[in-house]
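model this:
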Amino acid sequence: MASIDLDKVLDKTWADKSLEEILAAPVAALKGVSDRDGELLQEAFGVKTVADLADLKYVRWAQALAALEAAK
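Next up is the predicted model:
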């Protein structure tokens, strides 16, 4: 089973929330992502939530390319 240290990837106010709440949260809930970054992601790609970011095809493509490189 996969796990993640939520304190390392989320702002403190989101670390105790449920996974459902986190996925519905604005991308600024992610540590290091500002409200302005979230606005820019929404303008550029229509990304409003953490789930939207995870489902963004460009993110998935970049992850696939990185996985291919790592598998070499």
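
Per-residue pLDDT of the residue nearest the centre of the chain, please?
The structure's the chain has its C-alpha centroid closest to residue 50; by CA atoms, centre = their mean the separation is 4.6 Å. Note for residue 50: predicted pLDDT of 98.

what do you get for the one 3 residues further on?
On pLDDT, residue 53 comes in at 98.

helix/strand/coil for it?
helix (DSSP: H, G, I helix; E, B strand; the rest coil).

who's in contact with it?
27, 30, 41, 47, 59 (CB atoms under 8 Å, 6 or more residues apart in numbering). The way it works is simple: take the backbone N, C-alpha and C, and place the C-beta from them, glycine included.

need these in a markdown table with distance to residue 66 and secondary structure, can you?
Below are the contacts of residue 53 laid out as a markdown table (distance: CB to CB, whole Å; DSSP: H, G, I helix; E, B strand; the rest coil):
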| residue | distance to residue 66 | secondary structure |
| --- | --- | --- |
| 27 | 20 | helix |
| 30 | 18 | strand |
| 41 | 20 | helix |
| 47 | 19 | coil |
| 59 | 11 | helix |
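
Show me which pair in those is furthest apart.
Across those, the longest distance by CB to CB is 12.3 Å; it joins 30 and 59.

Who has more neighbours out of those two?
residue 30 (18 against 14; other CB atoms under 10 Å).

thinking the more buried one is in contact with residue 9, fair?
Yes: assessed by CB atoms under 8 Å, residue 30 is found in contact with residue 9 at 6.3 Å.

Now flag whichever of the contacts of residue 53 is closest to residue 5.
Using CB to CB, these come closest to residue 5 at residue 30, 13.3 Å.
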